[in-house]
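1. Sequence first, predicted model second:
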Amino acid sequence: MKPKDIKFNPSDNSLFFTLCSNNYLSFALSLGQSIKSFDTEVKFVIGLVDRLNPQIDYSVWSEFEFLPCSDLGFLEFDLMLGRYDIVEFNTAVKPFFFEYLFANNTDINKIYYLDPDIYFYKSTEDLDLEWGDAQILLTPNLIYSSDKPSAGELASLRHGMFNLGFIGLKRGEVSFRLLTWWKERLKEHCRIDKCWGIFVDQKWMDLAPLFFDRIKVVRHPGWNMAWWNFSERKLLKAKSGFLVNSLDIPLVFFHFSGFKPENVSYTARLKENYSKDIENEVLAVLYENYKGILLKNGYDFFSKILPSLEFRVDTKSSWQKVGKKLKSRINKVLDRIFQV
């Protein structure tokens with residue numbers, strides 16, 4: 001499939017999709033339900049980066065479309081599977097799914113990708129209001145500068161300045177050129193390799209504004225709120241719902257990155273010296289509610305399912321693995337002592 005095969009269409013219809021293996025389906029189902037709670041007619045696709053599992057009756061969720069990655073027909077996937085682990089492969093296939101969905105949904109003009117651990121608290125219609133003449137929508141990790149270094153700033157330097165738990169593309173020449181460029185790089189360079197400045201599909205998007213126009217960076221505090229921007233965004237609660245920083249800014253969607261119901265902390269990814277950023281009773285309520293939703297959607301069952309695709313096997317020696325753990329522990333000790 002090539003971009004020239006993708007037809008242009010003046011319609012204004014939207015499609016939403018996520019990507020996950022079977023073990024993460026409780027998150028994907030929760031996301032889809034949150035979107036459908038505001039508009040039952042919205043098309044929501046779960047891109048299954050896995051094989052269909054005989055233990056799961058997918059027909060129970062007839063309001064969603066399940067699309068296994070093997071159905072896309074991209075020959076590159078076989079080589080990519082041997083190259084990537086489960087996280088890397090789940091992110092590497094993202095532009096391929098975009099291309100396939102555009103080509104096979106000619107009535108769709110806008111496609112939004114969302115990480116499965118995102119949840120909507122307001123109608124997705126808000127997203128459609130942001131386009132203008134843009135063909136690419138991105139959300140930055142941060143939208144306000146601070147006097148001192150924040151966890152979000154440090155995370156942005158390591159992982160990229162845009163969080164690709166969200167990206168929106170509108171059918172058009174620029175967005176299709178972006179997909180071609182992005183796909184080519186993710187075939188071989190979608191690794192978690194911070195020494196080489198690569199963090200899966202995400203760091204590549206730092207370069208996109210240099211090569212492509214018609215990109216809009218959405219600086220809305222209620223979009224993609226997550227642990228990396230807790231230092232600049234305070235969650236509030238009112239009769240109208242959850243709000244961010246002030247009573248006139250609604251929470252649109254929240255990203256529960258790194259959250260597991262069985263853990264006592266919100267996320268293992270926020271360093272201890274930034275824990276003050278999450279001392280918020282409203283946040284505690286938000287996470288507790290989300291925990292209940294995940295459990296209701298079969299978290300205990302799905303999380304125990306082993307993905308059936310054969311991802312790259314870690315070939316590191318025992319000594320290398322010990323060294324990696326030791327390095328991580330030393331870094332944590334230094335961080336506590338010197339607050340760096």
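-> Okay, I see it.
2. Quick check, residue 235 in contact with residue 249.
-> No: in this structure, residue 235 is not within contact of residue 249 by C-beta atoms under 8 Å, at 10.6 Å. No exception for glycine: its C-beta is placed from N, CA and C like everyone else's.
3. where do the contact lists of these two overlap?
-> The contact sets of residue 235 and residue 249 overlap at residue 243 (C-beta atoms under 8 Å, 6 or more residues apart in numbering).
4. Looking at these two, which is more packed in?
-> residue 235 (21 against 14; other C-beta atoms under 10 Å).
5. which residues touch the residue lying closest to the more buried one once chain neighbours are set aside?
-> Take residue 235 and drop its neighbours on the chain: the residue closest to it by C-beta to C-beta, 6 or more residues apart in numbering is residue 282, 4.5 Å away. Residue 282 sits next to 235-237, 242 when contact means C-beta under 8 Å, 6+ apart.
6. element containing residue 282?
-> helix 281-296 (DSSP states H and E).
7. May I see the buried residues of that helix?
-> Across helix 281-296, burial judged by 16 or more other C-beta atoms under 10 Å covers 283, 286-287, 290-291, 293-294.
8. ok, then the element right after it?
-> Along the chain past helix 281-296, the next helix or strand (assigned with DSSP H and E) turns out to be helix 299-302.
9. send the alpha carbons of that following helix over as PDB?
-> C-alpha atoms of helix 299-302 as PDB (Å, rounded to 0.1, in the frame of the first residue of the first chain):
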ATOM      1  CA  TYR A 299      -8.100  -6.400  34.200                       C
ATOM      2  CA  ASP A 300      -7.400  -9.400  36.400                       C
ATOM      3  CA  PHE A 301      -8.200 -11.700  33.400                       C
ATOM      4  CA  PHE A 302      -6.600  -9.900  30.500                       C
END
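10. Quick one: mean pLDDT for it?
-> Averaged over helix 299-302, pLDDT sits at 97.
11. name the helices or strands packed onto it?
-> helix 25-36 (3 or more C-beta pairs under 8 Å, 6 or more residues apart in numbering; DSSP states H and E).
12. For the helix it packs on, which outside residues touch it?
-> Helix 25-36 has contacts (C-beta under 8 Å, 6+ apart) with 16, 18, 20, 42, 44, 46, 56, 61, 63-64, 114, 116-121, 124, 253, 256, 290, 293-295, 297-299, 301-303.
13. Hey, what's the angle from it to helix 281-296? Just curious.
-> 110 degrees (axes from the mean of the first three to the mean of the last three C-alpha atoms, to 10 degrees).
14. In the chain, mark out all the helices, start to finish.
-> Assigned by DSSP state H, the chain shows helices spanning 25-36, 76-83, 86-92, 94-104, 125-128, 151-159, 173-186, 208-211, 281-296, 299-302, 318-338.
15. And the ones you listed, which one averages the lowest pLDDT?
-> helix 318-338 (a mean of 57).
16. what's the distance between residue 66 and residue 58?
-> Remark: distance between residue 66 and residue 58 (C-beta to C-beta, to the nearest Å) = 5 Å.
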